[in-house]
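Q: coordinates only, no sequence provided:
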């Protein structure tokens, strides 16, 4: 089960607490037109426990998100080009 788009953390947390999923995590992906559908660069599981508050889980999840975002930016710098304004197009 995927929890992409708006309110993904809340929906994932609630599904776990109801026993509908066993694991949750984060994914850093390439940006494409469809929301959260780009090629995954890094996927990491985030520990969660039955009965814990969403606040505790969300804090842990955001720490993992920040770590994986840094890892992903180090992974693909050679494939990232800044967008230039049309007036500066060097092509």
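A: The structure has been received and is ready for your questions. Here the structure is a predicted model, which means the values were calculated and not measured. Residues are numbered from 1 along each chain as shown.
Q: just checking, residue 45 touches residue 22?
A: No: when contacts are counted by C-beta atoms under 8 Å, residue 45 is not listed as touching residue 22 (10.1 Å). In this view, the C-beta of every residue, glycine as well, is placed from N, C-alpha and C.
Q: ok, now how distant is the residue nearest the centre of the chain from residue 62?
A: For the chain, the residue lying nearest the average C-alpha position, counting by C-alpha atoms, centre = their mean, turns out to be residue 27 (3.7 Å). Distance, residue 27 to residue 62, using C-beta to C-beta, to the nearest Å: 14 Å.
Q: do the same with residue 39
A: According to C-beta to C-beta, residue 39 stands 23 Å off from residue 62.
Q: likewise residue 3?
A: Counting by C-beta to C-beta, the separation of residue 3 from residue 62 is 15 Å.
Q: for the two, indicate the residue with more neighbours.
A: Between residue 3 and residue 62, residue 3 has the larger neighbour count (other C-beta atoms under 10 Å), namely 18 against 13.
Q: just checking, the more buried one touches residue 15?
A: Yes: the pair residue 3 and residue 15 qualifies as a contact (C-beta under 8 Å) at a distance of 7.3 Å.
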